[in-house]
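Enquirer: Have a look at this prediction, sequence included:
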Amino acid sequence: MTSKMQVSAFLIAALMTTGVATGVSAQSNGMRDDRRAEMFQRLDADNNGSVSAEEFAAGADRFARADANGDGLLTAAELSALGQDRAEQRAARMIERLDSNGDGALSKAEIDARRDPARMFERLDANDDGVVSEEEFADARIGHRGKRPGNR
C-alpha cells in the first residue's frame with residue numbers, strides 16, 4: 001500500500017470515527033443556531049440584547065480569555081485549560097444531542113442510532129458514481145467548515 005493510499009485510508013477511517021459528531025453537527029442547523037445564541041450571549045456583556053463594538057472586540061480577544069491570571073503571558077497550563085474547556089463544551093453538546101434516554105451518558109446504541117454510514121457515503125460521493133475520490137473527500141471536509149457551496 002502506497003503512503004498516499006495509507007493516508008487516504010487513515011482519513012476515511014478518521015472521518016467515519018468522527019462522523020458521528022461532524023455528521024450530526026453538519027445536519028443540525030438548530031445546533032448551529034444554539035451555538036450562535038450562546039456566543040451572542042457571551043459577547044453581550046451588559047445583557048442589553050445587542051453587542052457593541054467594544055463588547056465584540058473584548059469577546060473576540062482570545063488571548064485575554066486564555067490568560068487566566070492576567071499577566072500578559074500564556075503558559076502551557078493556561079493553553080491546556082482553554083483546550084480542556086472547549087473539549088468539555090463539545091462533549092456536553094454531543095451528549096445533549098444524542099442522549100435519547102436522558103441518563104447523561106452515551107451508549108453505543110444511542111450513537112449508532114444517529115449515524116448512518118450510507119448517508120455519509122452518499123454525501124461524500126458528490127457525482128453519484130458509487131465511489132469517493134480523493135477530491136470528493138477533500139471537498140466534503142471543506143464543506144464541513146461551511147466553505148463549499150451547495151452542500152448536499
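Expert: Arrived safely, thanks for sending. Note that the structure is a prediction, hence the values are computed from the model and not measured.
Enquirer: gap between stretch 32-52 and the chain center?
Expert: 19 Å (C-alpha atoms, centre = their mean, to the nearest Å).
Enquirer: Please apply the same query to stretch 95-104.
Expert: On C-alpha atoms, centre = their mean, the centre of stretch 95-104 falls 18 Å from that of its chain.
Enquirer: lowest confidence element among the helices and strands of the protein?
Expert: Least confident helix or strand, the chain: helix 3-27 with a mean of 49, by mean pLDDT, DSSP states H and E.
Enquirer: For the helix or strand following that helix, the averaged confidence score.
Expert: Using DSSP states H and E, the next helix or strand after helix 3-27 towards the C-terminus is helix 29-43. Per-residue pLDDT values across helix 29-43 average out to 74.
Enquirer: what element comes up after helix 29-43 heading to the C-terminus?
Expert: helix 53-60.
Enquirer: Only alpha carbons, please: show that next one as PDB.
Expert: As requested, the backbone C-alpha atoms of helix 53-60 are provided in PDB (Å, rounded to 0.1, in the frame of the first residue of the first chain):
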ATOM      1  CA  ALA A  53     -18.200  47.300  19.000                       C
ATOM      2  CA  GLU A  54     -16.400  47.400  22.400                       C
ATOM      3  CA  GLU A  55     -18.200  44.200  23.600                       C
ATOM      4  CA  PHE A  56     -17.300  42.500  20.300                       C
ATOM      5  CA  ALA A  57     -13.700  43.400  20.500                       C
ATOM      6  CA  ALA A  58     -13.400  42.300  24.100                       C
ATOM      7  CA  GLY A  59     -15.200  39.000  23.300                       C
ATOM      8  CA  ALA A  60     -13.000  38.400  20.300                       C
END
